[in-house]
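K.L.:
Pasted the sequence and its predicted model underneath.
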Amino acid sequence: MSVLSVLYEGKAKIIYKTDAPEILLADFKDDATAFNAEKRGTIKNKGIFNCSISSKLFQYLEQNGIPTHYLDNPNPNQMRVKAVKIIPLEVVVRNIAAGSLCKQTGLELGTVLKQPLVEFYYKNDQLGDPLLTRERLLLLELATQEQVEEIIHLALRINEFLKGFFRQCSITLVDFKLEFGLDSQGRLLLADEISPDTCRLWDTATLDPFDRILDKDRFRRDLGNVENAYQEVLQRVLKTIETNLTVN
């Protein structure tokens, strides 16, 4: 398979066409952005860390019946994926109050939600990725009613699988962002990535509100040790997978 040309370049990845129309190549970058790209920087080896973490988690979810776009990894920072038409929605699943949920509702940081909250944000940089009601989502025809129901169902299933997996890693899954796309047959697939860039991850071994952070909040809030945090997540993910394989 040869790479043809750049299809799209985003904040965290470059997507290349290949000579196979149904296959794309995602190249994960070390670039880091926050606050709708108002803050920019670089995290050494972030591309390798995020690609590796995402690949392992996609494979884990596939084994549990979640359809994803993942195929394989030609290089440590590259992922071959099935070509999909991305639905312009960021699907956020929240288990614990943090970030914008606290700012917008007054909930105290760390409040455990009685049940997972699924939210939709419009992927539109010019509008600032606004939070959408289901009615507005349908009004804008970003997805059909049936697709919305399927996305919610999949998001909640993914949440349960990931919560359990990260629990084995001694990590609390606070919240995370998902993206979905449609393949050439119209099937809904989990796409994009699952990594410290897209998840809030807290180390269960410490209660310190700063030391426990193992995700991009370290970059957002200038807490330092960002690369170490990403690497720690990868090491725990790999160790948990290895332990599970040994047990099974």
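P.N.:
Looks like it came in fine.
K.L.:
tell me what the helix or strand in which Ala32 is found is packed against?
P.N.:
Using DSSP states H and E, Ala32 sits in strand 31-34. If contacts are counted by 3 or more CB pairs under 8 Å, 6 or more residues apart in numbering; DSSP states H and E, strand 31-34 sits against strand 39-42, helix 217-220. Just so you know, the C-beta spots here come from the backbone N, C-alpha and C atoms, and that holds for glycine as well.
K.L.:
Give me the sheet partners of it and which way each runs.
P.N.:
Strand 31-34 has its sheet partners listed here by DSSP bridges as strand 39-42 (antiparallel).
K.L.:
average pLDDT for the partner strand?
P.N.:
Strand 39-42 shows a mean pLDDT of 89.
K.L.:
and the most centrally placed residue in the chain, how far is that from Ile53?
P.N.:
Nearest residue to the geometric centre of the chain (CA atoms, centre = their mean): Ile194, 3.1 Å. Relative to Ile53, Ile194 is positioned 7 Å away (CB to CB, to the nearest Å).
K.L.:
Please enumerate the strands of the protein.
P.N.:
For the chain, applying DSSP state E gives strands covering 3-9, 13-18, 23-28, 31-34, 39-42, 70-75, 78-82, 85-86, 89-96, 112-122, 131-132, 171-182, 188-191, 199-203.
K.L.:
Using PDB, write out the CA atom coordinates for the last one.
P.N.:
The C-alpha trace of strand 199-203 is given here as PDB (Å, rounded to 0.1, in the frame of the first residue of the first chain):
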ATOM      1  CA  CYS A 199     -10.100  11.400  27.900                       C
ATOM      2  CA  ARG A 200      -9.900  12.800  31.400                       C
ATOM      3  CA  LEU A 201      -7.900  10.100  33.300                       C
ATOM      4  CA  TRP A 202      -7.200  10.300  37.100                       C
ATOM      5  CA  ASP A 203      -4.600   8.100  38.800                       C
END
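K.L.:
tilt between that strand and strand 89-96?
P.N.:
20 degrees (axes from the mean of the first three to the mean of the last three CA atoms, to 10 degrees).
K.L.:
Quick one: mean pLDDT over strand 199-203.
P.N.:
98.
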